[in-house]
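K.L.:
sharing a sequence plus its predicted fold:
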Amino acid sequence: MTLGHLDIIKRSLGLFDELIIGVVESKTHKKSSSKNIGLSSEFRVELISSLIKQEGLESKIKIKVFSGLLINFAQEQKVNYLVRGLRSNLDFEYEKLLEGVNKNLAFGLNLNLETIFLMTDSKLAHISSSLVREVARLDGDISSFMPKMPEKLLQELIENLKI
């Protein structure tokens, strides 16, 4: 979770009383060709949980691991809104395609689902998870891209990103 993710989470809480952060199961993600996270879902939940607690937001946020399609997770959780952060036009183009697919699948499930796009704060728009992973793999300092976290957790994150 980068500073950009935390920014979107905090701003989303201005729109909703409660958020559910969906963490895709590690096994599911490894099968996907679009992303290679390199972190177990258990570790990602621990990391997000720690950062949410640190921000005093734990009473407003649930973190849940899911596998399969996001649309099925949304249906199981009985949510009608997906919040997606955008950094640039490139993000918008990709996210717009996903939104179309989700809308189509939602219609087939008789689910009313809307996607809300929030632009990342311009001071954070250069931060992406994949670039943070690359900087960590090359022994660079990622602390300016990440929320403050316990040193032990930060070191574990860096070690996991190097694998």
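P.N.:
Cool, the structure landed. Note that the structure is a prediction, hence the values are computed from the model and not measured. Numbering: from 1, shown residues only.
K.L.:
where does the prediction get shaky in the protein?
P.N.:
By pLDDT under 70, the low-scoring segments of the chain are 28-37, 163.
K.L.:
longest helix anywhere in it?
P.N.:
Among the elements of the chain assigned as helix by DSSP state H, the one spanning the most residues is helix 89-108.
K.L.:
what packs against the very next helix or strand once past it?
P.N.:
Under the assignment DSSP states H and E, the closest C-terminal helix or strand after helix 89-108 is strand 114-119. Judged by 3 or more Cβ pairs under 8 Å, 6 or more residues apart in numbering; DSSP states H and E, strand 114-119 is in contact with helix 3-12, strand 81-86, helix 89-108. Any C-beta I mention is one placed from the backbone N, CA and C, and that applies to glycine too.
K.L.:
buried set for the next helix or strand after strand 114-119?
P.N.:
Next helix or strand after strand 114-119 toward the C-terminus (DSSP H and E): helix 129-137. For helix 129-137, the buried set under the neighbour-count rule, 16 or more other Cβ atoms under 10 Å, comprises 129, 132-133, 135-136.
K.L.:
now stretch 75-83
P.N.:
By 16+ other Cβ under 10 Å, the buried positions in stretch 75-83 come out as 75, 79, 82-83.
K.L.:
okay, the helices and strands packed on strand 114-119 in JSON lines with distance to residue 147 next?
P.N.:
Formatted as JSON lines, the entries for the helices and strands packed on strand 114-119 read as follows, by distance: least, Cβ to Cβ, whole Å:
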{"stretch": "helix 3-12", "distance to residue 147": "5"}
{"stretch": "strand 81-86", "distance to residue 147": "15"}
{"stretch": "helix 89-108", "distance to residue 147": "20"}
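K.L.:
nearest to residue 154, out of those?
P.N.:
Evaluated with Cβ to Cβ, these place helix 3-12 nearest to residue 154, the distance being 13.5 Å.
K.L.:
what's the offset of stretch 67-80 from the middle of its chain?
P.N.:
With Cα atoms, centre = their mean, to the nearest Å as the basis, stretch 67-80 stands 15 Å off its chain's centre.
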